[in-house]
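Got a predicted model here, sequence first, then my questions.
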Amino acid sequence: MEKSWEGIVKHLKTSKLPLSPKRGFLRNIALYLPAIVIASLVGTYLDLIFVGKNLYAFPIRPFPDVFSINIAFTLLILPISTWIFLLIAAKMPRWSRLVFILLLSILASVVEKVSVQWGFFRHTAQWDHSYSFVGYFVFLVLIWKIFKWGKRQGKIR
């Protein structure tokens, strides 16, 4: 038995039901993309500055002869983790989001210490992991604000 698509299409054209509030995949990505790109750029430039000042280094990294920073982190890990952060944070109330950002900042500092132990990251004696905590906290708040600004801009159009 063959379905008649003409009847379904005719019903959809004449239906008075409101359009589905679901956004298309591309529209959804467009809301996240500015914050993700800025997060990657900021992360890359901060790494370049800190590596250039010899505050830290990445002993194990892709293409060590070409790049002084770990481009796998700035081009893959940072954008993906930023997207996941924004997806989760967007569903939280304000105070929960603040606690979430605090916990992520602590986690980033801990992951940094583990990266040192595993040889992925090396820093100078004057480096303190509390710098990472504060830095990631400011970074995540900034990225959240950029995301919210981008969402407001998207609603205007």
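Perfect, I can see it now.

So which residues of this protein form helices?
5-14, 25-52, 71-72, 78-89, 94-118, 129-156 (DSSP state H).

and the residue lying closest to Ile69 once chain neighbours are set aside, what does it touch?
Counting by CB to CB, 6 or more residues apart in numbering, Ile69 lies nearest to Asp47, which is 4.2 Å off, once chain neighbours are set aside. Every residue, glycine included, has its C-beta placed from N, CA and C. Asp47 makes contacts with Phe58, Ile69, Asn70, Phe73, Thr74, as judged by CB atoms under 8 Å, 6 or more residues apart in numbering.

so how far is Ser40 from Asp47?
11 Å (CB to CB, to the nearest Å).

now do Ile106
22 Å.

Can you pull out the low-pLDDT segments for this structure?
1-27, 155-157 (pLDDT under 70).

go again using 80 as the cut-off
The chain contains residues with pLDDT under 80 at 1-30, 126-129, 153-157.

what's near enough to touch the most centrally placed residue in it?
Taking CA atoms, centre = their mean, the centroid of the chain lies closest to Thr82, which sits 1.2 Å from it. Going by CB under 8 Å, 6+ apart, Thr82 touches Ala35, Ile36, Ala39, Ser40, Ile143.

do you know how far the last one is from Pro64?
Here the criterion is CB to CB. By it, Ile143 lies 28 Å from Pro64.

Same question for the third one.
Applying CB to CB, one obtains 24 Å for the distance of Ala39 from Pro64.

before we move on, back to that, more crowded one of Ile143 and Pro64?
For Ile143 and Pro64, the more surrounded residue by other CB atoms under 10 Å is Ile143, and the numbers stand at 22 against 11.

Which residues are in contact with the more buried one?
Neighbours of Ile143 in contact, by CB under 8 Å, 6+ apart: Ala35, Ile38, Ala39, Thr82, Phe85, Leu86.
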